[in-house]
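Undergrad: Can you look at this prediction? I've put the sequence above it.
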Amino acid sequence: MIVKGVKQYYYRLMSRYLAVKIRPRDRAVEVNPQNDYLPHFLKHLKIISFPDEALSLKNLSPDYLVLNGNLHIERDIHSFFTSLRNSLRPATRLIIIYYSSLWKPILMMATRFGMRDRTIETNWITTGDITNFLELSGCEVISDEARVLVPIYIPFLSDFLNRRFAPLPMFNVFCMVHIMTARPSKPAFPEQPSMSVVIPDSNEACNIEDAVTRIPNLAHLINRLFLLLGIQPMCIDLHSSHVRGFTHKAFEHTLKSTPGITYIDCEGSELIYPLPLHLARPLSKMFIGICAYVCYLVHKE
């Protein structure tokens, strides 16, 4: 009875938080629920098993998708988010409920004493980790709220602390639960960007060559900026006329494959300044690609 009372208070509290976001007329779905407490308090919340019912989820076209603690037991979070992203429409909102890592010892103790269902949480990830996973999967974070300072019911005290103190700065660091809201992000370009070059050809045949040759070489400028900032781009199109930046392996391959040039040897500069000379020189020979300067010895035939 005590365990059931704790769960009922916690999920009743979570349903109140979610009711602020999810209206009764909204289509809301909970993905892979671990129990039926949340749908019990949110009557319009439907349950779907993913990815078994991925097609049903896409046809349902929900307004809100709820993940209640799923990330803590998910083996591949990135693949899970990517699969969900393919089933969402642009207006769908993703609500992610996850626990704070500060509460890990307390939750493990509660599990040991039977006050919580036995689950194997393999992932205790931070807000930044979830944000990165969402961005890699094509979603963006709208908000992240810390809630629930006291997950068990203590008359007068629990509601007062959870309502008044949990949202406040300094106090929200110690909250047990985070409620993150995300949405599918719009791509920078809906389609592959393209460029059209319009050349007048009616009685202006002599201008066609000038129109092509006068187009600015943007790659020339970009590579110069990269090299100016100390960034060495990978080997680019060797047939291009603009300035090229090479990695060590790419430049070495270019020298070896260029007719009329015989590649002999190369040597890198000292790798790191603070290292003593007897360490820097052998290291610079082993890791030529990250040396500041590389000298190549070639013979022109």
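TA: Noted; the coordinates are in hand. Residues are numbered from 1 along each chain as shown.

Undergrad: Show me how the record splits the protein into domains.
TA: Domain assignment for the chain, taken from automatic domain parsing, gives 2-184, 223-300.

Undergrad: Including mean neighbour count, could those domains go into CSV?
TA: Just so you know, the C-beta spots here come from the backbone N, C-alpha and C atoms, and that holds for glycine as well. Compiled in CSV, the domains of the chain are given as follows (neighbours: other C-beta atoms under 10 Å):
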stretch, mean neighbour count
domain 2-184, 16
domain 223-300, 13
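
Undergrad: Same list (those domains) but as TSV, adding mean pLDDT.
TA: Rendered in TSV, the data for the domains of the chain read as follows (pLDDT from 0 to 100):
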stretch	mean pLDDT
domain 2-184	88
domain 223-300	66
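
Undergrad: Dump the helix or strand containing Leu283 to CSV, restricted to CA.
TA: Taking DSSP states H and E as the criterion, the element that holds Leu283 is helix 277-286. These are the backbone C-alpha positions of helix 277-286, laid out as CSV (Å, rounded to 0.1, in the frame of the first residue of the first chain):
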residue,chain,number,x,y,z
LEU,A,277,64.1,18.2,-28.0
HIS,A,278,65.0,14.5,-27.6
LEU,A,279,61.2,13.7,-27.3
ALA,A,280,59.9,16.2,-29.8
ARG,A,281,62.0,15.0,-32.8
PRO,A,282,61.0,11.3,-32.7
LEU,A,283,57.4,12.2,-32.0
SER,A,284,57.4,14.6,-35.0
LYS,A,285,58.6,11.8,-37.2
MET,A,286,55.8,9.5,-35.9
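
Undergrad: Can you verify my assumption that Val294 contacts Phe287?
TA: No - judged on C-beta atoms under 8 Å, Val294 makes no contact with Phe287 at a distance of 11.0 Å.

Undergrad: Go ahead and list the helix or strand containing the residue nearest in space to the middle of the chain.
TA: Centrality entry for the chain: nearest residue to the mean C-alpha point is Asn132, 2.6 Å, by C-alpha atoms, centre = their mean. In this structure, Asn132 sits in helix 127-136 according to DSSP H and E.

Undergrad: outside of the helix or strand harbouring Ser79, which residues touch it?
TA: Element membership for Ser79, per DSSP H and E: helix 77-85. With contacts defined as C-beta atoms under 8 Å, 6 or more residues apart in numbering, helix 77-85 is touched by 31, 50-51, 54, 65, 70-71, 74, 94, 123, 125, 130, 133-134, 136-139, 184.

Undergrad: got it, and stretch 164-174?
TA: Counting by C-beta under 8 Å, 6+ apart, the neighbours of stretch 164-174 from elsewhere in the structure are 100, 102, 145-149, 175.

Undergrad: hmm, try it at 6 Å
TA: Identification of contacts with stretch 164-174 by C-beta atoms under 6 Å, 6 or more residues apart in numbering yields 146-147, 149, 175.

Undergrad: Check those and tell me the two furthest apart.
TA: The distance between the two most remote of those (C-beta to C-beta) is 9.0 Å, for Ala146 and Leu149.

Undergrad: joint contacts of these two?
TA: Counting by C-beta under 6 Å, 6+ apart, the common neighbours of Ala146 and Leu149 are Cys175.

Undergrad: got a list of what the residue nearest to Ala28 when sequence neighbours are not counted touches?
TA: Spatial nearest neighbour of Ala28, excluding adjacent residues (C-beta to C-beta, 6 or more residues apart in numbering): Tyr64 at 4.3 Å. Contact criterion C-beta under 6 Å, 6+ apart gives 22, 26, 28, 93, 95 as the residues in contact with Tyr64.

Undergrad: Could I get the phi/psi values of Asp144?
TA: Per-residue torsions, Asp144: phi -140, psi 120 (degrees, to the nearest 10).

Undergrad: quick check: angle from the helix or strand following the helix holding Leu283 to helix 277-286?
TA: Read in the C-terminal direction, the helix or strand following helix 277-286 is strand 294-300, with elements assigned using DSSP H and E. In terms of direction (axes from the mean of the first three to the mean of the last three C-alpha atoms, to 10 degrees), strand 294-300 departs from helix 277-286 by 50 degrees.

Undergrad: helices or strands up against strand 294-300?
TA: In terms of contacts (3 or more C-beta pairs under 6 Å, 6 or more residues apart in numbering; DSSP states H and E), strand 294-300 is packed against strand 261-268.

Undergrad: same thing but at 7 Å, please
TA: The elements that strand 294-300 packs onto, with contact taken as 3 or more C-beta pairs under 7 Å, 6 or more residues apart in numbering; DSSP states H and E, are helix 248-257, strand 261-268.

Undergrad: Let's have these in TSV, adding distance to Val6.
TA: Rendered in TSV, the data for the helices and strands packed on strand 294-300 read as follows (distance: least, C-beta to C-beta, whole Å):
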stretch	distance to Val6
helix 248-257	60
strand 261-268	64
